[in-house]
Structure formats: C-alpha cells, structure tokens
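Enquirer: 3D, please:
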Amino acid sequence: MDTDAFRRLWNELEPIGRTEAGGYLRFSWTESDLRLRLWFQAQARLRGLRCEEDRNGNLYAWWDAEKEQVVDPDRPRPLDQLTARKPRREGAVLTGSHFDSVPHGGAYDGPLGIVSAFLAVDRLRAEDAQPKRPIGIAAFTEEEGGRFGVPCLGSRLMTGVIDSDRARALTDPDGVTLAQAMRDAGADPATLGPDPERLERLAAFIELHIEQGRALDGSESPVAVATAIWPHGRWRVTFTGEADHAGTTRLPDRRDPMLTFAFAVLAARKEARLAGGVATVGRVEVEPNATNAIASTVTAWLDARAPDEAVLGEILSGFESKVTERAGRDGTGVAIAPESETPIVEFDASLRDRIAALLGGAPVLPTAAGHDAGVLSAHVPTAMLFVRNPTGVSHAPGESASDEDCAAGVEALAAVLRELAC
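Expert: Residues are numbered from 1 along each chain as shown. Modelled structure (predicted):
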C-alpha cells in the first residue's frame, strides 16, 4: 500500500472534531458525528458500495459477492473450517471500527480501522479480486462511551447485551438522553434493540486498531494479532456528606465526602497494584462545586481491569471494603453501582493463529482495552489486528502511528480479507 494513498484519505478525516489543543471531541449523535457519517457514506458511494444504517445507528458499507453463495451444510467452506464453527447463512466478512472519541482523545483510536478498511478494499480491487463472500465495513456508534457512559453501546445493542429501554434513558453530562440526542440527529430511538438476523449473516469480524501500549516498539513487525481482552468494568461511586461553610465549620464537625473520595482514589491504585491489574478514577463530579463550600456529594467513576476475573474481583472487593471502612470514620456515605462489566474475551484461536501465520508470524499479544470486537466475539468468530504505536499513548492527543506502519496495517487487513472472502 502506497503511504501517499493512506495519507490522502487520512487527511480528509483528520480535521473533523479536532480541538485547538490537538485532541478530538467526536461524540455520538453530535455535529462532528454527523460529519463523520456523511464522510463514511461518501466513501461508500465513491467505491460503489452499498451503504446502510442499522436499527442502532451503526453504519455499514457492503462490497457484495459476485454471485449469491449457496451454503451446503454438509460441506463447510474454508472459513468455516478455519474457525471450527458451523457454516453461516450468507457468510459475510465484516471489518471496521468506530469514529467516536473519549473527551480530547487521539486521532487514531477507532478511525484508523475504518480508513484502513476502505483502503483494503481499494487494494483488493487493484488486484482485480472479487469477493466470494460479501465484505462489509462497519462504523459502530458510541464505542468509547464518551457521551452516554456505556462503552461499545452500538455493538451491545446489536447483540442484546444491553436493554434498549435502559439505553434510551442514558444521559450525557448535560442531561440529554440518548433518545433525545438521536431524535435531534434525525434518527429514531424506537428502533433500538437486538439485531440477530444481521449477526447471523456474519461469518467473521476483523477489527484493525491502533496499538494501545508499546509492545511492538522495537519489533520488526508493525502489525500484531490480538489474543484476548482483559476483563474490565466501570463503576459509579457516590460519596455523600453534608454541605457546609468552608470557613466556619470546625474540622471535627465536618462530614466531608471529598475526604472519602480522595482516600478512594489512592485505595483503587493500591488494590490494583497489589493484585496485578489496573484501576483508574478519571472522571468526578462535585456538588455544589463551590470553592468556599464543603461538598455534599462527590460522584466518581472507577475503571478497573485485570488479567482475569478473579483478579478483577479481588481489586473490587478490596476497594469496597477499604472505602466503606473509611466512610464510616469520615461520617460519610458511599454507594458503588456497576455501569458496565465485561468478562475476559478470548478471540477465536484458530482464526488468530491462521492470521498470524498468514502475516508471516506476526506477534500475538493481549490487550487491556475494550473493543466492539470483544462484544461481537460471543456471537461471531472475531480477530483483531494492532498497528504499532511508537509512543504507547492512547486516549490522548499524543496517540500516533507512522504512515508507513499504517500502510502496512492496510496491507495486512487486505491479506486477511483476501484469505477469508476472496
């Protein structure tokens, strides 16, 4: 793949949603999201691909097979043999990722997978390849949960992991519900819900993503294949106390939830370090949020991840025990409620190994980051490709990849699509 071809297409997308500080605000169902959707649709039209939007706001561009393939259930096709699964009706191969960002996030997380998918189709067409299975490019909505708080919302709705009524009632920091945001963007929230027929038509999903870490730094290979996603979750932690004057209230008389919150941040870090996982408090809201007032309520969000469910449970139980004990000493209240929990995801081993061999023995590595691929893997044979990130920075403006490595990622994705669909 010519690096100039990658840079030309990347330059079209790169300015959308970029802030003056260099990060991105690409939240679902906003003006920037609409511009990204229009860009996706335009790219599909330029290539003569069939474009559609599903009931959950996820976008698809389809390169249909030359002829309708008839599946003989007694004679598995190569992909079915590859994944040791029963043949699926129609057997489409889907790739892609997401457009949305965390607040002030980086450029590559998500969009790289979509740009690479369009370029991989271009690469296959330049070879006069013709798919025997439909090849689809997906843009899943609200993968980061940056606006409505639940990650991988589009794929969770598609697979029925989250209740549609709960999803419609989700609110952003301004109190706007997902249902209202969709209506404001011209979409119908009444259609939200599982999409089993679409899932049934998929034979495999391949997601290309920027590496989130530096495992490939110094490696001869710019592309790796994922083995698994660590179990992870998000918990809302609410600390309650008593609002009062910052100057006139004696220290012994205070019921200050900010003290309990401060202890909780340190406790999360310590429990994760001791157990061998990670835990982060990156978002907090305070009421009444006044400089000269003791807070009445502090709401924080805990993100915790670990190599397995046992370690994750150890982190959470230790955190809850220590924070509850501290709240008792502070005279405050604490409530911990899960917002999302995802078990460990082991990607399809035969698909992973075949892809790694196809790519000349590409490295295989786990990831602690969640992805739509993780949600879909419970329903469809799934694999992930990672493109080298020399800084290791993710979810921040410093996230980066060289054009040469991105072009290598396109070549790798094209090779996988050729193997599975052509």
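
Enquirer: all helices for the stretch 151-300 of the chain, in order.
Expert: Assigned by DSSP state H, counting those that start in this stretch, the helices in the stretch 151-300 of the chain fall at 153-159, 164-169, 178-184, 196-200, 257-275.

Enquirer: of all those helices, which one is nearest Gly247?
Expert: Closest to Gly247 of these is helix 257-275 (C-beta to C-beta; 15.6 Å). Yep, even glycine has a C-beta here, placed from its N, CA and C like the rest.

Enquirer: state the mean pLDDT of the closest one.
Expert: In this model, helix 257-275 has an average pLDDT of 98.

Enquirer: how far off centre is it?
Expert: Distance of helix 257-275 from the chain centroid (C-alpha atoms, centre = their mean, to the nearest Å) equals 26 Å.

Enquirer: could you export that helix as CSV, CA atoms only?
Expert: Extracted in CSV, the C-alpha atoms of helix 257-275 (Å, rounded to 0.1, in the frame of the first residue of the first chain):
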residue,chain,number,x,y,z
PRO,A,257,-17.3,13.3,51.2
MET,A,258,-14.3,14.8,49.4
LEU,A,259,-12.0,13.2,52.1
THR,A,260,-13.5,9.8,51.5
PHE,A,261,-13.2,10.3,47.7
ALA,A,262,-9.6,11.2,48.0
PHE,A,263,-8.9,8.1,50.0
ALA,A,264,-10.8,6.0,47.5
VAL,A,265,-8.6,7.2,44.6
LEU,A,266,-5.5,6.0,46.5
ALA,A,267,-7.2,2.8,47.6
ALA,A,268,-8.1,1.9,44.0
ARG,A,269,-4.5,2.4,42.9
LYS,A,270,-3.1,0.3,45.8
GLU,A,271,-5.5,-2.6,45.4
ALA,A,272,-4.8,-2.8,41.6
ARG,A,273,-1.0,-2.7,42.2
LEU,A,274,-1.1,-5.4,44.8
ALA,A,275,-3.4,-7.6,42.7
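
Enquirer: can you pull out the low-pLDDT segments for the stretch 51-200 of the chain?
Expert: Residues of the stretch 51-200 of the chain meeting the criterion pLDDT under 70: 67-90.

Enquirer: quick revisit: put together TSV for the helices of the stretch 151-300 of the chain, with mean neighbour count and distance to Leu316 on each row.
Expert: Output for the helices of the stretch 151-300 of the chain, formatted as TSV (neighbours: other C-beta atoms under 10 Å; distance: least, C-beta to C-beta, whole Å):
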stretch	mean neighbour count	distance to Leu316
helix 153-159	27	21
helix 164-169	15	22
helix 178-184	19	27
helix 196-200	14	31
helix 257-275	20	8
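
Enquirer: with distance to Ser296 added, can I get the ones you listed in a markdown table?
Expert: A markdown table is the format used below for the helices of the stretch 151-300 of the chain (distance: least, C-beta to C-beta, whole Å):
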| stretch | distance to Ser296 |
| --- | --- |
| helix 153-159 | 31 |
| helix 164-169 | 25 |
| helix 178-184 | 28 |
| helix 196-200 | 46 |
| helix 257-275 | 7 |
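
Enquirer: closest to Pro381 out of those helices?
Expert: helix 196-200 (11.8 Å).

Enquirer: so what does the closest one touch, helix or strand wise?
Expert: Packing partners of helix 196-200 (3 or more C-beta pairs under 8 Å, 6 or more residues apart in numbering; DSSP states H and E): helix 153-159.

Enquirer: elements contacting the helix it packs on?
Expert: helix 164-169, helix 196-200, helix 372-376.

Enquirer: TSV for those helices, including distance to Arg236?
Expert: Shown next, in TSV, are those (distance: least, C-beta to C-beta, whole Å):
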stretch	distance to Arg236
helix 164-169	14
helix 196-200	30
helix 372-376	21
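
Enquirer: Ala117 is nearest to which of these?
Expert: Among those, the nearest to Ala117 by C-beta to C-beta is helix 372-376 (13.0 Å).

Enquirer: end to end, how far does stretch 171-178 reach?
Expert: This stretch, stretch 171-178, spans 6 Å end to end (C-alpha to C-alpha, to the nearest Å).

Enquirer: got the buried residues for that stretch?
Expert: Asp172, Thr177, Leu178 (16 or more other C-beta atoms under 10 Å).

Enquirer: closest to the centroid, which residue in the protein?
Expert: His371 (3.6 Å; C-alpha atoms, centre = their mean).

Enquirer: what is the nearest of the buried residues of stretch 171-178 to Gly57?
Expert: Leu178 (9.5 Å).

Enquirer: could you check how far that closest one is from Gly218?
Expert: Using C-beta to C-beta, to the nearest Å, Leu178 is found at 43 Å from Gly218.

Enquirer: element containing Arg45, please.
Expert: Assigned by DSSP states H and E, Arg45 falls within helix 31-46.

Enquirer: next structured bit after that helix?
Expert: Past helix 31-46, the next helix or strand by DSSP H and E is strand 50-53.

Enquirer: other residues contacting that following strand?
Expert: By C-beta atoms under 8 Å, 6 or more residues apart in numbering, the residues outside strand 50-53 that reach it are Phe40, Gln41, Ala44, Arg45, Leu59, Tyr60, Ala61, Trp62, Asp64, Ala187.

Enquirer: quick one: buried residues of that strand?
Expert: Those would be Cys51, Glu53, for strand 50-53 by 16+ other C-beta under 10 Å.
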